[in-house]
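J.: Attaching a predicted model along with its sequence, questions to come.
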Amino acid sequence: MRRRDFIAMIGTAATWSLAARAQPTATPVIGFLSYGTSQSSGDYLPAFHRSLADAGFTEGRNVGIEYRWSEDHNDRLPALVEELVRRQVAVIVTASTPPSLAAKAATRTIPIVFIIGTDPVGVGLVASLAHPGGNLTGVTNLNVELFKKCIELMHSLMSPGATIAVLINPSNIAQAATERATVQDAARALGAHLTIANASSATEIESAFEALVGQRVGALVVSGEVFFLTQRNQLVELAARHAMPTIYAWREFPVAGGLMSYGADFAEPYRLAGAYAGRILNGEKPADLPVQQATKVELVINLKTAKTLGLTMPLPLLGRADLVIE
């Protein structure tokens with residue numbers, strides 16, 4: 001090889017090397033999979049984005065987010081999560097138990113950060129809270145555990161002997177089973193009359209209310225399962241139409257005109273999930289991140305609705321409320 005050709009080859013190689021080093025690394029992508037709708041998660045996603053930014057990742061600048069919503073349809077979840085797997089996202093964040101189980105079934109390699117209101121060990125997502133193992137970790141919020149308190153609150157407002165109904169979504173099999181056991185235990189402890197209604201569609205919600213009115217139910221407790229959040233306008237309207245005192249798990253309900261809510265501050269688990277997603281993008285492994293529990297709870301009372309229903313809210317209860325709507 002002539003000296004001139006050798007020098008030219010070295011120069012070309014150096015140029016290639018510099019060009020390769022100058023190439024930007026691929027922007028990581030988070031897959032966000034929810035059982036609900038974009039509207040049902042809309043109030044909580046800002047908390048997720050803020051904690052993700054605190055970890056150094058801003059959507060549209062150095063991280064992308066692919067959103068998938070099953071819109072309350074369990075049968076859509078496998079295809080939606082498969083889209084994210086094919087997209088080769090860096091981490092999957094799942095909101096609610098059904099998408100979390102679908103994501104676990106779809107991949108053993110892509111890190112998964114879940115947000116659920118059930119026991120992740122009991123439903124088979126992780127080996128233990130302290131040592132999740134595998135490719136999953138996440139956040140649990142107080143949800144099913146608060147059912148007992150919701151029944152106690154409604155029981156305290158009702159006349160003796162009144163029947164309390166509980167509305168559950170049976171399509172979320174894991175959560176529904178735990179909820180049934182929880183409310184039955186609570187009713188026995190209080191000596192309260194209890195009936196359980198099931199609904200997993202708007203039509204079934206309408207039918208459930210008609211049946212409960214026919215049974216002369218005195219009050220209703222609505223599950224904190226995310227499906228009911230997507231149906232909040234219908235639920236609040238039906239409760240008003242039938243003059244049925246109702247307590248919910250989400251503050252959006254009394255804000256929309258429902259009587260009261262007692263449940264988790266759902267911005268907190270989204271914030272914690274965003275922090276975990278950022279830590280995983282920065283190189284940490286899900287197996288090394290213990291499952292966290294969001295423990296902030298809030299009581300919201302719509303005093304205007306209480307007056308319409310002819311209910312007198314005890315002053316100690318009003319004093320405990322985080323928000324009173326007048």
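T.: Arrived safely, thanks for sending.
J.: right, and residue 216 touches residue 165 too?
T.: No: using C-beta atoms under 8 Å, residue 216 is not in contact with residue 165, being 10.4 Å away. C-beta coordinates here come from the backbone N, C-alpha and C atoms, glycine included.
J.: Of those two, which one has the most company?
T.: For the pair residue 216 and residue 165, the greater number of neighbours falls to residue 165 (24 against 8), based on other C-beta atoms under 10 Å.
J.: any idea how far residue 240 is from residue 112?
T.: Going from residue 240 to residue 112 by C-beta to C-beta, to the nearest Å gives 40 Å.
J.: quick one: which of the two has more around it?
T.: Taking neighbours as other C-beta under 10 Å, residue 240 and residue 112 compare with residue 112 leading, 29 against 16.
J.: Please name the bridge partners of that one.
T.: residue 92, residue 136 (DSSP bridges).
J.: contacting residues for it?
T.: Residues counted as contacts of residue 112 (C-beta atoms under 8 Å, 6 or more residues apart in numbering) are 91, 92, 93, 94, 100, 103, 104, 135, 136, 137, 138, 286.
J.: How many residues are close by residue 130?
T.: Other residues lying near residue 130 total 8 when counted by other C-beta under 10 Å.
J.: Spell out the secondary structure type for it.
T.: Three-state call for residue 130 (DSSP: H, G, I helix; E, B strand; the rest coil): coil.
J.: How about residue 313?
T.: State at residue 313, reduced to three classes by three-state DSSP: coil.
J.: Is it in contact with residue 306, as I believe?
T.: Yes: if you go by C-beta under 8 Å, residue 313 and residue 306 touch, sitting 5.3 Å apart.
J.: So between those two, which is more surrounded?
T.: Applying other C-beta under 10 Å to residue 313 and residue 306 shows that residue 306 carries more neighbours, namely 21 against 17.
J.: tell me which element that one is part of?
T.: helix 303-308 (DSSP states H and E).
J.: hmm, who's touching that helix?
T.: 240, 254, 257, 258, 259, 260, 312, 313, 318, 324, 325, 326.
J.: Just the buried residues of those.
T.: For the contacts of helix 303-308, a burial check counting by 16 or more other C-beta atoms under 10 Å picks out 240, 254, 257, 258, 259, 260, 313, 324, 325.
J.: Give the bridge partners for the last one, please.
T.: In this entry, residue 325 is beta-bridged to residue 302, by DSSP bridges.
J.: Okay, it and residue 296: tell me how far apart.
T.: Going from residue 325 to residue 296 by C-beta to C-beta gives 19 Å.
J.: Next: the first one.
T.: Relative to residue 296, residue 240 is positioned 29 Å away (C-beta to C-beta).
J.: Likewise for the fifth one?
T.: Distance of residue 259 to residue 296, given as C-beta to C-beta: 22 Å.
J.: For the helix or strand that the helix holding residue 306 is followed by, name the packing helices and strands.
T.: Next helix or strand after helix 303-308 toward the C-terminus (DSSP H and E): helix 315-320. Using 3 or more C-beta pairs under 8 Å, 6 or more residues apart in numbering; DSSP states H and E, the elements in contact with helix 315-320 are strand 297-302.
J.: So which elements touch the strand it packs on?
T.: Applying 3+ C-beta pairs under 8 Å, 6+ apart, we find strand 297-302 packed against helix 252-255, strand 260-264, helix 315-320, strand 323-325.
J.: quick one, domains of the chain?
T.: As recorded under automatic domain parsing, the domains making up the chain are 29-141+266-295, 144-265+298-325.
J.: mind putting these in a markdown table, mean pLDDT included?
T.: Converted to a markdown table, the domains of the chain look like this (pLDDT from 0 to 100):
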| stretch | mean pLDDT |
| --- | --- |
| domain 29-141+266-295 | 94 |
| domain 144-265+298-325 | 93 |
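J.: Confirm for me that residue 162 is in contact with residue 195.
T.: No: Residue 162 is beyond contact range of residue 195, at 11.3 Å (criterion: C-beta under 8 Å).
J.: contacting residues for the residue lying closest to residue 251 once chain neighbours are set aside?
T.: Leaving aside its chain neighbours, residue 251 sits nearest to residue 300 (4.6 Å; criterion: C-beta to C-beta, 6 or more residues apart in numbering). By C-beta under 8 Å, 6+ apart, the contact list for residue 300 reads 251, 254, 255, 260, 261, 262, 321, 322, 323, 324, 325.
J.: about what we covered before: which one of the buried ones among the contacts of helix 303-308 is nearest residue 56?
T.: Closest to residue 56 out of the buried ones among the contacts of helix 303-308 is residue 254 (37.1 Å), distances taken as C-beta to C-beta.
J.: how much space is there between that closest one and residue 232?
T.: Distance from residue 254 to residue 232, counting by C-beta to C-beta: 10 Å.
J.: Doesn't residue 197 lie inside a strand?
T.: Yes: counting by three-state DSSP, residue 197 is part of a strand.
J.: Residue 269 versus that one, what's the distance?
T.: According to C-beta to C-beta, residue 197 and residue 269 sit 27 Å apart.
J.: What of residue 192?
T.: Plainly put, residue 192 is 30 Å away from residue 269 if you go by C-beta to C-beta.
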